[in-house]
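1. sequence first, then the predicted structure:
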Amino acid sequence: MLTGPLRTAQIFAGYPSVHQSSVNAFIAEVTASFVFAFFISTVRKRHSHVIVNKVVQSIALALTLMSLDFNSTTTLNPAREIGSRAASFLFGYDEKVFSYRSSKWLVIVTIGPLIGATVSAWLCSWLSHCGNSKKVRNVSDKTCQTQPHLYGVHFDNLDSRML
């Protein structure tokens, strides 16, 4: 933890609690970004109303930050963390803002959210494809019913040369 005159650097960027290890902070960052991205992606697919989406996204952000922010000051956005540290360095703080815990903390807050969001997107995509799996039908099979093409209109009685 930054102490002395450097303690106010916590206004600009997030630093972990004293009792938290680097591994615990990394797991907290991955978990927070995973939960937030997974909740947003699943809710976004279910609701088409814009206002409902925004309210649910705001609630998801608030719940994620309130539940996982205490120990590691969850960033959820690596660009926010790097920009904040660069600004605090330009405002006169030492290079300790970049080398906190032997530079592990900068890696934790930049790589952790990227891993969590990537795994969340992969899992959401995989779950949505597993639920929508359909059998592929042979086109040359004449016993197969044709699917409605455009606006529910069937084209099975038209000659193929007319199309």
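-> Received, thanks. Residues are numbered from 1 along each chain as shown.
2. now do the longest helix along the chain: which elements does it pack against?
-> Identified as the longest helix of the chain according to DSSP state H is helix 104-131. Applying 3 or more Cβ pairs under 8 Å, 6 or more residues apart in numbering; DSSP states H and E, we find helix 104-131 packed against helix 22-46, helix 78-90. The C-beta positions use only the backbone N, C-alpha and C, and glycine is treated the same way.
3. for Thr64, find the nearest of the ones you listed.
-> Closest to Thr64 of those is helix 22-46 (Cβ to Cβ; 4.4 Å).
4. helix 104-131 and the closest one, what's the angle between them?
-> With axes from the mean of the first three to the mean of the last three Cα atoms, to 10 degrees as the basis, helix 22-46 and helix 104-131 are set at 30 degrees to each other.
5. before we move on, the earlier item: how about the longest helix of the chain: buried residues?
-> Residues Trp105, Leu106, Ile108, Val109, Thr110, Gly112, Pro113, Gly116, Ala117, Ser120, Cys124 are the ones in helix 104-131 that count as buried (16 or more other Cβ atoms under 10 Å).
6. out of the helices and strands packed on helix 104-131, deepest packed?
-> When the helices and strands packed on helix 104-131 are scored by mean count of other Cβ atoms under 10 Å, the highest mean neighbour count falls to helix 22-46 (a mean of 18).
7. can you give me the offset of that helix from its chain's centre?
-> Distance, stretch centre to chain centre, for helix 22-46: 6 Å (Cα atoms, centre = their mean, to the nearest Å).
8. just how off-centre is the helix or strand following it within its chain?
-> Reading on from helix 22-46 to the C-terminus, the next helix or strand found by DSSP states H and E is helix 50-72. Centroid separation for helix 50-72 versus its chain: 12 Å, with Cα atoms, centre = their mean.
9. kindly report the same for stretch 10-21.
-> 22 Å.
10. compute the first-to-last residue distance for that stretch.
-> 18 Å (Cα to Cα, to the nearest Å).
11. what residues sit buried inside that stretch?
-> Quick answer for stretch 10-21 (16+ other Cβ under 10 Å): Phe12, Ala13, Gly14, Tyr15, Pro16.
12. put together a markdown table for those residues, with secondary structure and pLDDT on each row.
-> Conversion of the buried residues of stretch 10-21 to a markdown table gives the following (DSSP: H, G, I helix; E, B strand; the rest coil; pLDDT from 0 to 100):
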| residue | secondary structure | pLDDT |
| --- | --- | --- |
| Phe12 | coil | 74 |
| Ala13 | coil | 75 |
| Gly14 | coil | 74 |
| Tyr15 | coil | 73 |
| Pro16 | coil | 72 |
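13. appreciated, that's everything.
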